[in-house]
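[1] whatever this is, show me its structure:
(one chain, ligands or ions: 2)
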Amino acid sequence: MRNISEDTITQAVLASISGCKDDRLRTIMTSLVQHLHAFTRDVKLTEDEWFKAIQFLTNVGHITDDKRQEFILLSDTLGLSMLVTTQNNKKPATCTESTVFGPFFVEGAPEYHNGDDISNGAKGAPCFVRGRVTDMAGQPVAHAQLDVWQSDDEGFYDVQTQSGTGEAHEHRARGRLRTLEDGSFHFRSILAVAYPIPHDGPVGQMLEALGRHPWRPAHLHFMIEAPGYERLITHVFRDGDQYLDSDAVFGVRSTLIAEWVRHDAGAAPDGTQMNTPFYTLDYDFVLNPETVTEVAHA
Ligand code: BEZ
Ligand code: FE
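    Residues are numbered from 1 along each chain as shown. Ligands and ions are numbered 1, 2, ... in the order given. Sure thing, here's the model as predicted:
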């Protein structure tokens, strides 16, 4: 293979991977090379621009560690995460829609009982969250596992404020609980607020160069799992937020927007006498049944 030209380079690379025994890998890499070359021709990429791209990706790698995932932020802000989410989570319209997972989920969050306060000291206006988990026929899904996580009133997740302190991680405004027999759940937390995604790195520079802001509308993350149902990864967004139509990661679905209702000081839904204003959020989730894969028996 010699004297490869601008016109023959794509075919030469494709031929070099045509013998790959892993069908899926060959399919993916063939398409990737075709699209990458087509893009390079389309924009007539210069050597200088190519080198800047290499430097950019190098910087994305350098800032990434176990607490900061700049590659996920890059995928999120380019709409790739949401595209992967939507094309892999097609379901009947009555089911709760999925949205991006985001980089702030933490394994091993504390387990709570219904009625507990999951804020664990995170600052914010008190918020009482209630809802039900059902199937498509409205039947309760009992003992479904709910993981919940959110930022504090300054827009920071516990992992962001505690990274680099050298101390053991303390879980704040995140936890796991289970639905009751009637599919209901309720817990206390804090009011969700809008926050900017981490933008002090290469992805932030990219957003600025493109004239984009880094903000996400206020939301509460949920991951719901129950035997016999597809895992649901989603958020509930706060109605009225100024960033609902310009989410930096393209995750908003109209069906996921709900009203956080403000109440003056007084009796909370659980009977607690609140001496400051508080909020309530009611939201129900509908799970999609797992598709059963037929296994052929010999
Ligand atoms: C989040 O909602 O936690 C999130 C999602 C994508 C990028 C950054 C944060
Ligand atoms: Fe979030």
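
[2] run through the strands of the chain in chain order.
    Counting by DSSP state E, the chain has strands at residues 126-134, 145-149, 174-178, 184-190, 195-196, 215-216, 219-225, 232-238, 257-258, 260-263, 266-267, 273-274, 278-282, 285-286.

[3] please name the residues that touch Pro269.
    When contacts are counted by Cβ atoms under 8 Å, 6 or more residues apart in numbering, Pro269 touches Phe128, Arg130, His186, Thr280. All C-beta spots, glycine's among them, are computed from the backbone N, C-alpha and C.

[4] most neighbours out of those, which is it?
    Per-residue neighbour counts (other Cβ atoms under 10 Å) across these peak at Phe128, which has 22 neighbours.

[5] confidence score at it?
    The score at Phe128 is 97. That number is its pLDDT.

[6] most proximal residue of the protein with respect to ligand 1?
    Gly102 (2.9 Å; Cβ to the nearest ligand atom).

[7] contacts for the lengthiest helix in the chain next, please.
    Identified as the longest helix of the chain according to DSSP state H is helix 23-43. Helix 23-43 is contacted from outside by Ile9, Thr10, Val13, Leu14, Ile17, Ser18, Cys20, Leu45, Glu49, using Cβ under 8 Å, 6+ apart.

[8] drop anything exposed from these.
    Thr10, Val13, Leu14 (16 or more other Cβ atoms under 10 Å).

[9] would you indicate which residues of stretch 147-155 are buried?
    For stretch 147-155, a neighbour-count test (16+ other Cβ under 10 Å) marks Asp147, Val148, Trp149, Gln150, Ser151, Asp152, Gly155 as buried.

[10] near ligand 1 too, which of the contacts of helix 23-43?
    Among those, no residue sits close to ligand 1 (Cβ under 6 Å from any ligand atom).

[11] so which of those are in helices?
    Short answer: the contacts of helix 23-43 in helices (DSSP H) are Ile9, Thr10, Val13, Leu14, Ile17, Glu49.

[12] quickly note the distance from the fourth one to Val33.
    I take that to be Leu14. From Leu14 across to Val33, the span is 6 Å (Cβ to Cβ, to the nearest Å).

[13] any idea what the closest residue to His113 other than its chain neighbours is bridged to?
    Nearest residue to His113, sequence neighbours excluded (Cβ to Cβ, 6 or more residues apart in numbering): Leu177, at 6.7 Å. Note on Leu177: beta-bridge partners by DSSP bridges are Leu146.

[14] list the residues that contact the residue sitting nearest the centre point of the chain.
    Nearest to the geometric centre of the chain sits Phe101, at 2.2 Å (Cα atoms, centre = their mean). Contact partners of Phe101, counting by Cβ under 8 Å, 6+ apart, are Ser81, Thr85, Met223, Ile233.

[15] how about the residues of this protein by ligand 1?
    Counting by Cβ under 6 Å from any ligand atom, the chain comes close to ligand 1 at Leu73, Asp76, Val100, Gly102, Pro103, Phe104, Ile197, Arg216, Val249.

[16] just the pLDDT at the residue nearest to the centre of the chain, thanks.
    What the model reports as pLDDT for Phe101 is 95.

[17] how close does it get to Glu111?
    Noted for Phe101: a distance of 21 Å to Glu111, by Cβ to Cβ.

[18] check Arg26 too.
    From Arg26 to Glu111 the distance is 44 Å (Cβ to Cβ).
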